[in-house]
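>>> my questions are about this predicted structure, shown below with the sequence.
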Amino acid sequence: MGLGMKASNLAQNHARQFGRAAVAPPEKTRRVQGVFDSVAAKYDVMNDAMSLGWHRVWKRIFTGMVGARDGMDVLDLAGGTGDITRAMHRMAPSARYTVCDLTPAMMEVGKKRLWNAGIAGVNWVQGDAADLPFDDGMFDRVVISFGLRNVTFLDRALTEARRVLRPGGKFYCLEFTTLPHAGAQKIYEVYNRVLIPQLGAMIAGDRASYDYLIESIARFPAAPDLCDMMRAAGFAAPDYRYLTGGIVAAHWGTNQPKLR
């Protein structure tokens, strides 16, 4: 199977999966927005509980890899709660930040947090990562942290991320992935499926949403496959790095225009 066909099949399967259910793509988008409407207020508290605090370490490493600099235009996709923009702002306070998220409730949480942190001037835009409301070549960096697996159309989202990057601009993605060791993966899946929905019920009062989120992790393309999808979307030199033994992976690629 060729790279393009493989990437297309992965994208088509992903677009129809909502947890363990098969749904039409528009219905998946609607349900995903409903999940994040429901969990917005407790989202970061649950992240601490689910990852035992490791998500903060992963995000610190990730934003260091992104390397935002003053004067850059940076797009934070699915960045509603503002934690990635806040971390990048510490390193590059004079960069220009845009947060784009599908769910207004998530962005309301982020706006309050950044305002309380003294961070102003962030551009907040509601939008779907698979159909971005931005012109071509607007950004030097496009980043997405723990959000890509919730986008209905992965292939379109990757193509859109490349479209809005300037020549030489870079895309970075931080996401849960399949551990490279089968035995460790089985243990990890048991932890996820048994404990995390229970935490969702206790902390967020919403077991169903965390049942979906765990299934979204289990069914997301493995790191090498996502790298192939980035290559099919036109990114130059896509690559990835496992963190914490492969629980998550950081991916990156460059918008290198084709020679005429």
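Received, thanks.
>>> for Pro221, give me phi and psi.
According to degrees, to the nearest 10, the main-chain angles of Pro221 amount to phi -60, psi 140.
>>> help me confirm that it comes into contact with Gln17.
No. If you go by C-beta atoms under 8 Å, Pro221 and Gln17 don't touch, sitting 11.3 Å apart. Yep, even glycine has a C-beta here, placed from its N, CA and C like the rest.
>>> between the two, which one's more packed in?
A count of neighbours by other C-beta atoms under 10 Å puts Pro221 above the other of Pro221 and Gln17, at 22 against 16.
>>> from Val143, how far off is the more buried one?
When C-beta to C-beta, to the nearest Å is applied, the distance between Pro221 and Val143 equals 19 Å.
>>> over to Val74?
To Val143, Val74 is 7 Å away according to C-beta to C-beta.
>>> okay, and the common contacts of these two?
Taking C-beta atoms under 8 Å, 6 or more residues apart in numbering as the contact definition, Val74 and Val143 share the neighbouring residues Val66, Met88.
>>> for Tyr43, grab the count of nearby residues.
21.
>>> could you find the closest non-adjacent residue to it?
The spatially closest residue to Tyr43, leaving aside those adjacent along the chain, is Thr81, at 5.8 Å (C-beta to C-beta, 6 or more residues apart in numbering).
>>> what distance do you get for the one you found to Gln17?
When C-beta to C-beta is the yardstick, Thr81 and Gln17 sit 24 Å from each other.
>>> which strands or helices does whichever strand or helix holds Ala249 pack on?
Per DSSP states H and E: Ala249 is located in strand 248-254. For strand 248-254, the elements it packs on are helix 54-66, strand 165-176, helix 223-232, strand 236-243, judged by 3 or more C-beta pairs under 8 Å, 6 or more residues apart in numbering; DSSP states H and E.
>>> which of these sits closest to Arg113?
Minimum separation from Arg113 across the helices and strands packed on strand 248-254 (C-beta to C-beta) falls at helix 54-66, 14.0 Å.
>>> coming back round to it: what angle sits between the strand holding Ala249 and strand 236-243?
Taking axes from the mean of the first three to the mean of the last three C-alpha atoms, to 10 degrees, strand 248-254 and strand 236-243 form an angle of 160 degrees between their directions.
>>> so, low pLDDT: which residues of this protein?
Per-residue confidence of the chain (counting by pLDDT under 70) places the weak regions at 1-4, 42, 45-47, 49-50, 181-210, 258-260.
>>> so where do the strands sit in it?
17-18, 21-22, 73-77, 96-101, 123-126, 139-145, 165-176, 236-243, 248-254 (DSSP state E).
>>> so which of these is nearest Thr152?
With C-beta to C-beta as the measure, strand 17-18 is the member of those nearest Thr152 (9.2 Å).
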